[in-house]
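A.B. asks: below: sequence and its predicted model.
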Amino acid sequence: MKAEDLKITVMDKGYLIEVSGRANFDYAVPLRELAEKLVPGNWIQFDMEYCESMDSTFMGVLTMLALKLRKSGSPQIMLINASAQLNKLLRDLGVAKLFKFVSGEESGVAGKTSGSVVELSSGKTLLDTAQTVVDAHKTLVEADSSNADKFNQVIEFAEQDVQRLKDNK
């Protein structure tokens, strides 16, 4: 992932996140860190216009963010300019209902990037990445139990990686 492929801008009570390229597990660690900082009342909008594809780890972290906002009573995550293909990926996992899909004109915020850009941490470790993979896939299963068959083996292997990495510390 290049730094310009994921741009997080902090705005008044929320975040505008611009995603470019192939959104994968590399994008997921900074977004999981963002999830830990969210407070009730925060909103999140993802500008997906230049996002070519998403892997399951990225979609799991998106779902994690959406569920955290929902629990706190915050607005639904808005996915701006998401292609039909991206929408289908989320529908196929049974999590599209957690998001509001809009065009840029409907969003009210996209393009108004007056805020401070978050510096993404470059200090992520293999352990951080492996734990994010586990958490993201467990979230997809929690959100829709039919995902268990798809991801139980991924979760199992990732948990083994987490344990191996902890043991090697």
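C.D. replies: Sure thing, it's come through.
A.B. asks: for the most centrally placed residue in the chain, what are its contacts?
C.D. replies: Of all residues in the chain, the one closest to the mean position by C-alpha atoms, centre = their mean is L62, 2.9 Å from it. Contact analysis of L62 by C-beta atoms under 8 Å, 6 or more residues apart in numbering lists L31, F46, M54, I77, L90, V95, F99. No exception for glycine: its C-beta is placed from N, CA and C like everyone else's.
A.B. asks: quick one: the fourth one from L140, how far?
C.D. replies: Right, the one you point to is I77. Note on I77: its distance to L140, by C-beta to C-beta, to the nearest Å, is 15 Å.
A.B. asks: who's more crowded, the two?
C.D. replies: Taking other C-beta atoms under 10 Å, I77 and L140 do not tie; L140 has more neighbours (27 against 22).
A.B. asks: got a markdown table for the contacts of L62, with pLDDT too?
C.D. replies: Shown next, in a markdown table, are the contacts of L62 (pLDDT from 0 to 100):
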| residue | pLDDT |
| --- | --- |
| L31 | 91 |
| F46 | 95 |
| M54 | 96 |
| I77 | 94 |
| L90 | 97 |
| V95 | 97 |
| F99 | 96 |
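A.B. asks: Q163: which element?
C.D. replies: In this assignment (DSSP states H and E), Q163 forms part of helix 148-167.
A.B. asks: and that helix, what does it pack against?
C.D. replies: Applying 3 or more C-beta pairs under 8 Å, 6 or more residues apart in numbering; DSSP states H and E, we find helix 148-167 packed against helix 56-71, helix 126-143.
A.B. asks: tell me the angle of it relative to helix 126-143?
C.D. replies: Here the directions of helix 148-167 and helix 126-143 differ by 150 degrees (axes from the mean of the first three to the mean of the last three C-alpha atoms, to 10 degrees).
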